[in-house]
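In: sequence and predicted structure, then a few things I'm wondering about:
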Amino acid sequence: MTEWAKAHFKEPPCAATLRVIAKTRQTYPPAIKQGRRWLIDETAQFVGLIAPIKVSSGIDKNARALVERVLNGSSTT
């Protein structure tokens, strides 16, 4: 992932930020998780968050708020 970041960013983000980019599908084609590692295709383009990720309404309110904060970066409540 760091090689991809060096090619696509003037100042590459830290490893934690790269994992968030991969996990929240901010590249096209999206990153693939193999075991504990995220792999980003060297030809992938950074697209950022296009829309907030929707979380199932069938879970507890507090759990849903936590999941939304983790995936979308903020609470929607």
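Out: Done, it's in.
In: list the buried ones in stretch 8-22?
Out: Residues 12, 18-19, 21-22 are the ones in stretch 8-22 that count as buried (16 or more other C-beta atoms under 10 Å). Every residue, glycine included, has its C-beta placed from N, CA and C.
In: not counting sequence-adjacent ones, nearest residue to Leu18?
Out: Nearest residue to Leu18, sequence neighbours excluded (C-beta to C-beta, 6 or more residues apart in numbering): Met1, at 4.7 Å.
In: can you count the residues close to that neighbour?
Out: By other C-beta atoms under 10 Å, the residues close to Met1 number 18.
In: kindly state the pLDDT recorded for it?
Out: Looking at Met1, its pLDDT stands at 79.
In: and it, what does it touch?
Out: 15, 18-19, 22, 31, 38-40 (C-beta atoms under 8 Å, 6 or more residues apart in numbering).
In: ok, Pro12 next?
Out: Contacts for Pro12 (C-beta under 8 Å, 6+ apart) come out as 2, 5-6, 18.
In: among those residues, name the ones in helices.
Out: Those of those mapping onto helices are 2, 5-6, 18, per DSSP state H.
In: can you select the buried ones from the residues you listed in ChimeraX?
Out: Selection of buried members from those for ChimeraX, criterion 16+ other C-beta under 10 Å:
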select :5,18
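In: so which pair among the ones in helices among the contacts of Pro12 is furthest apart in space?
Out: Lys6 and Leu18 (10.7 Å; C-beta to C-beta).
In: what distance do you get for the most centrally placed residue in the chain to Leu71?
Out: Among the residues of the chain, the one closest to the centroid is Thr24, at 2.4 Å (C-alpha atoms, centre = their mean). From Thr24 over to Leu71 the distance is 6 Å, taken as C-beta to C-beta, to the nearest Å.
In: what's the helix or strand hosting Ala16 packed up against?
Out: Using DSSP states H and E, Ala16 sits in helix 15-23. In terms of contacts (3 or more C-beta pairs under 8 Å, 6 or more residues apart in numbering; DSSP states H and E), helix 15-23 is packed against helix 2-8, strand 37-39.
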